[in-house]
Structure formats: C-alpha cells, structure tokens
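> please work out how this folds:
(chains A and B)
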Protein chains: 2
Amino acid sequence: MSDHKVEFVDVAAMAQWIQKDGVGNIIAGMVDFLEEDFKKWQSFDKIPRVASHTPFGVIELMPTSDNVTYSFKYVNGHPSNPARGYQTVTAFGLLADVDNGYPVFLAEMTLLTALRTAAVSAMVAKHLARKDSRKMAMVGTGSQSEFQALGMRAVLGIEDLAVYDVDPAAIEKFRRNLEPLGFRIHAASSVDEAVADADIITTCTADKQQAKVLLNSQVKPGVHLNAIGGDCPGKTELESEILDRSTVFVEFPPQTRIEGEIQQKDPDFPVVEFWKVLTGEEPGRVSDEQITLFDSVGFAIADFSGLRYARAATQGTDLQQFIDLVANPDDPKDLFSLVNVNVPVG
Amino acid sequence: MSDHKVEFVDVAAMAQWIQKDGVGNIIAGMVDFLEEDFKKWQSFDKIPRVASHTPFGVIELMPTSDNVTYSFKYVNGHPSNPARGYQTVTAFGLLADVDNGYPVFLAEMTLLTALRTAAVSAMVAKHLARKDSRKMAMVGTGSQSEFQALGMRAVLGIEDLAVYDVDPAAIEKFRRNLEPLGFRIHAASSVDEAVADADIITTCTADKQQAKVLLNSQVKPGVHLNAIGGDCPGKTELESEILDRSTVFVEFPPQTRIEGEIQQKDPDFPVVEFWKVLTGEEPGRVSDEQITLFDSVGFAIADFSGLRYARAATQGTDLQQFIDLVANPDDPKDLFSLVNVNVPVG
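Residues are numbered from 1 along each chain as shown, chains lettered A, B, ... in the order given. The predicted structure is shown next:
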C-alpha cells in the first residue's frame, strides 16, 4: 500500500555490523563524519535537548537539522536500572528528509550512542591531548567504557589503561572484554592509583548526584580530561576547582551549562566551543602544561553524524530491513482511501 | 539477543484495524480514552511541541507523560507536499515506560493522527455544540475531512453535510468516499453557501498563511466552530472579529497562543482550557445564542490517548509485530558483550 519504506537497523543488525567492521574501525570512520558536521556547526538548527525528568530518571528527545536532513534521538537515563537488570541508557534515532518531512532511516541507538560518544571523545582528544599521550586512566568501567578505550586506541594509539570502578565486577568485566584485544590493563584499587601516570583521564560514572569522582589534587599539569559522566542537572563528577585550572571545551554551551560539569560554575564561566578548534577560530592545546577538559554531555549533532554514518555503512546490505512507517496513498489528499472498505486496499 | 521487544503497528496493520473496527467505532471508543486523560490534565508533563521550521514546512516532536507512561509523536507539516505527490502530514509515535525508560509501543500515526484529531473535535463538539445540532458545514475536504465527518456522526449523529473546497476534485473525492456510507452531502459552490444552515462549522484547510477562510459575516449566533487548520505560526483560518464574538476553548494555552487562531490576538486574550469543562471547573455552552469556538491545534495528550487506545485495541492480535529496538544484554553493565567477537552472540 505504502511505497515509501523506511530503512531500519535493529539491535541485532547493529551488533552484526559492529562485529563485522569492528568497534575501532567504525569509530575511526565516524570521526571523519563528526569532523565534517562539527565544522559546519553554524548551519545546524540547535536547541538544548527536551527532557522529561521523573524520580526514576530522564527521557530525552534530541533533534537537530542542517536544513537538508533532520535527525532526532530518543534516549533515557535511569541510574537505578542496572540494579534491576535494565540498561542505564537505551536509545533509538531517526533521519528524515527536510524537503518533504518523510522519515527515511530508523535505527537502534543504544549501541550506536556508545559508538558516537566514544567517537566524539576520540575526536576531541585527538585535537586536545598531548601528542605524546600513551596512558589513559578510566574511572568507571560501565557500559560505555570498552567503547571509549577502543576509540582512543583507534584514533590516538592508546593501549595502556589504568582503570578503577567502585564495583570490582565491572573492572573484571572490562579486563575480560579488552585484554584479549591487546590492551595492557592495570586494575587499580583506587582513583589515586588509576590516575597517577595518566596522560588522559576519562571519567564515566552513572550516579545521578553531585559526586567528586575526581579531586583537584589528582589532576596533574598537562593532562587531558575526558569527562563523560556529568551530563544531567544535578549530576557532576569533577571537584569544582579542577575547572578553574583547566581550559574547558564544550559542545553546545546552552546545554552544557545546564547539564555539564560547568553547571557548578557561574553562567559566564569561560568555555571554548569545540567546533571552533576544528575551524581554526580558537586554539586547541597551547602548552604541554595546560590542562584541557572536555566537558562532554552529548549533543544532537553527534547523533546526526552517527546516524548518517550507520546509514551509509549499512545501505544496500542485509543489515537493513524496510518498515512500513509512512502512509503514502496514491492521491495525497485521499488518506481515507487507505481505510475505505468500499475500495479494498491492494 | 534482546528479550525486550517493542510492539509495532505499521501502516498496513493500522489500516486493517480501521477497516475491521470502522472509523466511527474507533473514534467513539477513543473519545472515552481522551475524556479520561483530559480529566487528569494536571497530572501530565506539558510543554509546547518542539518545532523545526524550514521554508519547506515543519517537523515537530510532541512529548508528554503522566509519570507512568511517556509518549511522543513525530509529525511533519508540509503544505506543498500534495502538489508533489506526498502527504501534507505524516506521523509516527511511541509509548515508553517512565519507570525504566524503555520503549514499549511504536505505531504509524498518519492514520492514527487523523483518527485522534477527529476524536478530539467530536469530544469537544459533544460538550459545546447545541444539543439540537443536525447540520455541519465543512470548509476544506482534504485528508482529514472524512475522519471529521465520521467522528461527528459517531458521537453527535450528524449526517447532513455541506462542503466546500477550492479544489473541486477534493469535494468529489469526499462525496465518493462518504455518500456510500449514508451521509447526505451538499457540494456547495462557495463558503457562503456551505455555512448558510450550519449548526457546526469545521474549517480544515492547509495553506500556510494568514488566510480568511471564514468571515465574521458568515458566522451566525449559536454555531459551534471547530477550527482545525490554524495550527502553526503564521497559519490561521478565521477572520479575527469572529474570535471577539466567540467563547474560545483551547487545549494548552502556551501552545495555542503561538499556533492557533488566537495568535491573531493579544497574549491575554481570554480562553477556556477545555479540560476544565470536563472536570466541571468551567462552564461549556451557556446559551443557544453563544458562539463556541474550539481553536484546535492538536496537543500531545491527545496523541498519548490515541496511542494508548491503539495499543489496547491491537494487543494480542496479528496486527502487532515485535521489533528489536532496545538493546538489553544479560549483564546491564556489559553492553559490549553484544558486539564482542570473542564471545559470539547467540
């Protein structure tokens, strides 16, 4: 009946694609798409995500558009989910043609968000971390952690990891997943121990609270901080004084000021929009002593890039299904023809 | 891999359901769900829809939640689409559990929006039109028109229609679709002729402009106006003076003041929130001379009701498919297990 089918990549197909092409290769390829889109940042329609907060967690819609393609992501964040056997974060997303408003591509984005978040971290670290960076500390080894490690290896060549999590089982899971892939992993017994020799520190924890996962005294000059976990009002990871010593790079300031580490600071706290580093409008790292801080909260344009990349990589393959999501009667003014029992539908 | 499947009703299944149960029966049943949800209006999370406007049209996301269930709808509005063979409006929507943030039900909503829009119009007319209303005029006989007529018949018993459209082919289509279903249809050659004897006037046109589809001189005392088409900034249908003579009922004032007929008026133009008529906090129609005007723009809570009704009606039937949209690994902290080639996924 409807000749306009929407391409669809479900969870199983997304997993097959990632197994086939590899997390590292996909992240490296996605970084190219991200850089392309971040460089044309000003041509995008940008709004802070639309959040529905409840005591259980948050459900968010993240739309954006470059006036040719529209995208949005549905994503939840429920810190108490793992204790009940559910994912903290699940997501799916969509691309549509701006020209006629018709959806064209639907995809699971729980896995794709993990890839794009790691790809954004890798892209930013590529431009901001010291060129001689060799060791990364990771605080928090939950669902996002393996993707972060594989992204940093694909883009920066990092293979030495010192990791810490309050849950020893999560550290063990991380080691089990990544040691076979060639990483050298030190399971630290404290944050102090994990960050002692780090060139890059990735914080990625899930507690919905003002936490101090990383203290100012633990941050040495020259380090690049990749702060992933503080991404929601009332949810931060860094001791406030760290921000005063750092140059803070952000995605979209109006959203980061609400959700990021800088929610701890005044509304005029100085930040650098990362896309300006890519276009050359702002410097990136200017010295080996500088502390660079990526206050990552995740912005819709990265989902746009991730969906665009996943669509391009799966188009024309068996990984895509076609679903019947858009009603498209022969006579566009005769929607009723689709349900008219006098004229049975073929 | 993922044991959490999302119920899915596609376009073909939605059409089959409507053919099986009938437009009128579904709208009558949906009115019960709408009244239930509108009565607990204050318990819903409410925001104006999130719109992305371009020269081609608009793409909108319409979320809401009653803190148990979350819903959103994706919907476009592209007035130039029919001339190019596309629907002006297409849509799909989703229900999710607020408790864990997981999607549970996905459905096409091009057809479902037509049903819910007609159901809202019928619900409001049931409470606001004169009890002796027998004749409806319809200005605009596009995709929404048959659903409006069948809804008004199901809920108010209206069978006499006088219709006008600038496109004679659209009138002919309307007559062809509805005369076999028992309506008495007068194809008028002007708006004046269509509205001359009307108890209820439904305006439902698609031009994105400040139009005067209905003039003040054409509106007689006692009529109920069901104004559907003015639903977007810069898009209105009624001559402004009509509003001054009417009691104006709206869904959600912050959205209607931006999108509805009352965008022609000052921000403090008096309106009645329709849900208060249902709870008895505000009177509905108070005299046979009063002009009641439903300034309908479409609000997320009606989509919530429509999705809830469609889910209940199709659950456990062959009309539903199950799609693999939510990644749900056995260990919720081990998303990577879904893509780990060292541990093949079963």
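
> name the helices or strands packed onto the lengthiest helix in chain A?
Longest helix in chain A, counting residues (DSSP state H): helix A:110-128. Packing partners of helix A:110-128 (3 or more C-beta pairs under 8 Å, 6 or more residues apart in numbering or on different chains; DSSP states H and E): helix A:11-21, helix A:23-39, strand A:91-97, helix A:145-156, strand A:224-227, helix A:274-279, strand A:291-295, helix A:300-314. Backbone N, C-alpha and C define where each C-beta goes, glycine included.

> and the helices in the stretch 151-300 of chain A, which stretches?
Taking DSSP state H, counting those that start in this stretch as the criterion, the stretch 151-300 of chain A contains helices spanning A:168-178, A:191-195, A:240-245, A:253-259, A:274-279, A:300-314.

> any idea which of those helices scores lowest on pLDDT?
Of all the helices of the stretch 151-300 of chain A, the minimum mean pLDDT falls on helix A:253-259 (a mean of 92).

> B:Tyr86 is nearest to which of the helices of the stretch 151-300 of chain A?
Of all the helices of the stretch 151-300 of chain A, it is helix A:300-314 that lies closest to B:Tyr86, at 20.7 Å by C-beta to C-beta.

> and that closest one with helix A:23-39, angle?
Counting by axes from the mean of the first three to the mean of the last three C-alpha atoms, to 10 degrees, helix A:300-314 lies at 130 degrees to helix A:23-39.

> who does helix A:300-314 touch, helix- and strand-wise?
The contact analysis (3+ C-beta pairs under 8 Å, 6+ apart) places helix A:300-314 against strand A:6-9, helix A:11-21, helix A:23-39, strand A:58-65, strand A:69-77, strand A:91-97, strand A:103-108, helix A:110-128.

> from the helices of the stretch 151-300 of chain A, which stretch is densest packed?
The highest mean neighbour count among those, using mean count of other C-beta atoms under 10 Å in any protein chain shown, belongs to helix A:300-314: a mean of 23.

> who does the helix or strand just after that one pair up with?
Toward the C-terminus, helix A:300-314 is succeeded by strand A:321-323 as the next helix or strand (DSSP states H and E). Here strand A:321-323 is paired, per DSSP bridges, with strand A:6-9 (antiparallel).

> what's the strand it pairs with in contact with?
A:17, A:103-108, A:310-311, A:314-315, A:319-326, B:323 (C-beta atoms under 8 Å, 6 or more residues apart in numbering or on different chains).

> can you redo the helices of the stretch 151-300 of chain A as JSON lines with distance to B:Ala300?
Converted to JSON lines, the helices of the stretch 151-300 of chain A look like this (distance: least, C-beta to C-beta, whole Å):
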{"stretch": "helix A:168-178", "distance to B:Ala300": "38"}
{"stretch": "helix A:191-195", "distance to B:Ala300": "43"}
{"stretch": "helix A:240-245", "distance to B:Ala300": "37"}
{"stretch": "helix A:253-259", "distance to B:Ala300": "22"}
{"stretch": "helix A:274-279", "distance to B:Ala300": "32"}
{"stretch": "helix A:300-314", "distance to B:Ala300": "20"}
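
> out of these, nearest to A:Ser121?
helix A:300-314 (10.2 Å).

> could you export the closest one as PDB, CA atoms only?
Below are the C-alpha coordinates for helix A:300-314, written out as PDB (Å, rounded to 0.1, in the frame of the first residue of the first chain):
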ATOM      1  CA  ALA A 300      22.300  16.100  18.900                       C
ATOM      2  CA  ILE A 301      24.700  16.900  16.100                       C
ATOM      3  CA  ALA A 302      26.900  13.900  17.100                       C
ATOM      4  CA  ASP A 303      23.800  11.700  16.800                       C
ATOM      5  CA  PHE A 304      23.100  13.200  13.400                       C
ATOM      6  CA  SER A 305      26.700  12.200  12.400                       C
ATOM      7  CA  GLY A 306      26.400   8.700  13.900                       C
ATOM      8  CA  LEU A 307      23.100   8.000  12.200                       C
ATOM      9  CA  ARG A 308      24.400   9.300   8.900                       C
ATOM     10  CA  TYR A 309      27.500   7.100   9.200                       C
ATOM     11  CA  ALA A 310      25.400   4.000  10.200                       C
ATOM     12  CA  ARG A 311      23.000   4.600   7.300                       C
ATOM     13  CA  ALA A 312      25.800   4.900   4.800                       C
ATOM     14  CA  ALA A 313      27.600   1.800   6.100                       C
ATOM     15  CA  THR A 314      24.500  -0.500   6.100                       C
END
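
> pull the distance from that helix to the chain's centre.
Remark: helix A:300-314 is offset 12 Å from the chain centroid, using C-alpha atoms, centre = their mean, to the nearest Å.

> give me the most central residue, chain A.
A:Thr117 (2.2 Å; C-alpha atoms, centre = their mean).

> could you chop chain A up by domain?
A:4-109+A:299-332, A:120-298 (the TED database).

> out of the helices of the stretch 151-300 of chain A, nearest to B:Trp41?
So among the helices of the stretch 151-300 of chain A, helix A:253-259 is nearest, using C-beta to C-beta, at 27.3 Å.

> who's in contact with the closest one?
Where contact means C-beta under 8 Å, 6+ apart, the residues beyond helix A:253-259 that reach it are A:48-49, A:230-233, A:235, A:250, A:262-263, A:267, A:269, A:271, A:273, A:295, A:297, A:299.

> output the below-cut-off pLDDT ranges for chain A.
For chain A, applying pLDDT under 70 flags the ranges A:1-2, A:207-208, A:342-346.

> re earlier: put the alpha carbons of the longest helix of chain A into CSV.
Only the C-alpha atoms of helix A:110-128 are listed here, as CSV (Å, rounded to 0.1, in the frame of the first residue of the first chain):
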residue,chain,number,x,y,z
THR,A,110,21.9,2.1,22.4
LEU,A,111,24.9,0.6,20.7
LEU,A,112,25.2,3.5,18.2
THR,A,113,25.2,6.0,21.1
ALA,A,114,28.0,4.1,22.7
LEU,A,115,30.0,4.3,19.4
ARG,A,116,29.2,8.0,18.8
THR,A,117,30.1,9.0,22.4
ALA,A,118,33.4,7.3,22.1
ALA,A,119,33.9,8.8,18.7
VAL,A,120,33.3,12.3,20.0
SER,A,121,35.7,11.7,22.9
ALA,A,122,38.3,10.3,20.5
MET,A,123,37.9,13.3,18.1
VAL,A,124,38.3,15.8,20.9
ALA,A,125,41.3,14.0,22.4
LYS,A,126,42.9,13.8,19.0
HIS,A,127,42.9,17.6,18.9
LEU,A,128,43.5,18.4,22.6
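
> for A:Thr88, which three-state class applies?
coil (DSSP: H, G, I helix; E, B strand; the rest coil).

> how about the domains of chain A in a markdown table, adding distance to B:Arg175?
Listed next are the domains of chain A as a markdown table, based on distance: least, C-beta to C-beta, whole Å:
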| stretch | distance to B:Arg175 |
| --- | --- |
| domain A:4-109+A:299-332 | 14 |
| domain A:120-298 | 52 |
